[in-house]
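Trainee: I need the structure of the sequence given here:
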Amino acid sequence: MNILDSLLSSQAGQTVKQFGQQIGLEPEKAEAVVRRLVPALSGSVQRNASQPGGLESLQQALSSGQHHRYVDDPSALKAPEAVEDGNGILGHLLGSKDASRDVAGRVAADTGVDTSIVKKLLPVVAAAAMGVLSKQTARGQSLNASSLGGLLSGLFGGEGGTQQAGQGAAGLAGDLLKRGKKLI
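Mentor: Numbering: from 1, shown residues only. Sure thing, here's the model as predicted:
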């Protein structure tokens, strides 16, 4: 199961509901934002992992952090530490606050959700997405280019809304790269 599907189904959908409840967003809107944010973040994970030492760095972050708690207990996403953790993840994945703002702006435009709300969700979704990766590796799944590709599969191809979200995220990453923004 890929990151997006895992996140949408974790705790019977409670994780995504928690995102919305945290900032007063309807569950459908929260899910729409997650469907756009996760592919953008996953693309950044894949780019980082493909850099020299990137996969090892990701494995170390997954094994040394307690990211799985965000998936095991969605209420942990309410804690200020979840936002701090998510901002740290975003800093590593996207490289700058400007890149994070660009991602939030694009997702807001695509979903009709106010940019300020997307900005609030971005670090929480990043923490939860890292939680999904953490749980996968904790289950004994070794992390290599192939397994990481499997976790990210469906985000950049496949059927339905996931395919559309993946294409939008790939376009977002391409747009940012074309404008010279550092994503990694």
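
Trainee: neighbours around residue 92, how many?
Mentor: 17 (other CB atoms under 10 Å). Yep, even glycine has a C-beta here, placed from its N, CA and C like the rest.

Trainee: before we move on, which element is it in?
Mentor: Here residue 92, judged by DSSP states H and E, is contained in helix 80-94.

Trainee: do the same with residue 110
Mentor: Assigned by DSSP H and E, residue 110 falls in helix 97-111.

Trainee: Touching the helix holding residue 92 from outside, list them.
Mentor: 41, 44-45, 48, 61, 65, 67, 70, 76, 100, 103, 122-127, 130, 183-184 (CB atoms under 8 Å, 6 or more residues apart in numbering).

Trainee: I'd like to know how far residue 93 sits from residue 61.
Mentor: Per CB to CB, to the nearest Å, residue 93 is found 11 Å from residue 61.

Trainee: residue ranges with poor pLDDT in the chain?
Mentor: 1, 11-12, 138-184 (pLDDT under 70).

Trainee: quick one, helices of it?
Mentor: 3-9, 14-23, 27-50, 54-64, 69-72, 80-94, 97-111, 115-138, 145-152, 160-178 (DSSP state H).

Trainee: and the residue nearest to residue 78 when sequence neighbours are not counted, how many neighbours?
Mentor: Of all residues not flanking residue 78 in the chain, residue 22 sits nearest, at 6.2 Å (CB to CB, 6 or more residues apart in numbering). Residue 22 sits with 18 neighbouring residues when counted by other CB under 10 Å.

Trainee: again, but for the one 5 residues further on
Mentor: By other CB under 10 Å, the residues close to residue 27 number 14.

Trainee: again with the one 3 residues further on
Mentor: The burial metric for residue 30, expressed as a neighbour count using other CB under 10 Å, is 24.

Trainee: Could you find the closest non-adjacent residue to it?
Mentor: residue 20 (3.3 Å).

Trainee: Just the C-alpha atoms of stretch 34-42, please, in CSV.
Mentor: These are the backbone C-alpha positions of stretch 34-42, laid out as CSV (Å, rounded to 0.1, in the frame of the first residue of the first chain):
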residue,chain,number,x,y,z
VAL,A,34,-4.1,15.4,1.8
ARG,A,35,-4.6,14.0,-1.7
ARG,A,36,-2.7,16.9,-3.1
LEU,A,37,0.0,17.3,-0.3
VAL,A,38,1.1,13.7,0.0
PRO,A,39,2.2,13.3,-3.6
ALA,A,40,4.2,16.5,-3.4
LEU,A,41,5.9,15.4,-0.2
SER,A,42,6.4,11.9,-1.6
